[in-house]
Each structure stands twice: as structure tokens, then as C-alpha cells.
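*Asks:* here's a sequence, model it:
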Amino acid sequence: MNAAGEEVLHPVQQAFIDEQVPQCSWCMSGQMMAAAAFLAKTPNPTDEEITAAMGANYCRCGCYTRIKTGIARAAELLQERGA
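*Replies:* Purely as a prediction, here's the structure:
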């Protein structure tokens, strides 16, 4: 929630929506949790770091490019929010 008491999505949630990352959503909860944990440790990741960090997560739809884009966008949102 923000200062006005309004619910605010986590940057990873917002980025995945903005970038239309999910397809079937079979893997999305794990992808999002892994992304949030990764960004907590690496707030300004390179593409290579994102790929390495997410390499153990399987997406049966093959949305890896969209997942990578979503994580990069989430990193930008985190920086904008100063989190």
C-alpha cells in the first residue's frame, strides 16, 4: 500500500502486466518470485545476469524473451520508486 492507503503492485507484478509476459501462466508464480528475489540482490542487472539468474526456471510456452524484458522493466520501476 502507498501513503494514501491504496494497494500498489510489486514492480515485478506491474512489469509483467505492462510487458504482457504471461502466456499460459503455468510458471509465472515461480518466475515472479525468482525475479523479485534476484532484483533484491541485483537491482540494476545486465541482460546476461537476468539470463543466468532465471536459467533454472522452466517456461513451457517459451516466453523467455518476454520474461527477460519484464524483469528489466521491473528493475527500472524499482529504481523509479527508489526501492
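*Asks:* other SSEs contacting the host helix or strand of residue 29?
*Replies:* Residue 29 belongs to helix 28-41 when elements are defined using DSSP states H and E. If you count contacts as 3 or more Cβ pairs under 8 Å, 6 or more residues apart in numbering; DSSP states H and E, helix 28-41 packs onto helix 11-18, helix 47-53, helix 64-81. In short, each C-beta sits where N, CA and C put it, glycine included.
*Asks:* CSV please, covering those helices and showing mean pLDDT.
*Replies:* Formatted as CSV, the helices and strands packed on helix 28-41 follow (pLDDT from 0 to 100):
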stretch, mean pLDDT
helix 11-18, 97
helix 47-53, 97
helix 64-81, 97
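*Asks:* in the helix holding residue 29, what's buried?
*Replies:* Buried residues in helix 28-41, defined by neighbour count with 16 or more other Cβ atoms under 10 Å: 28, 31-32, 34-36, 38-39.
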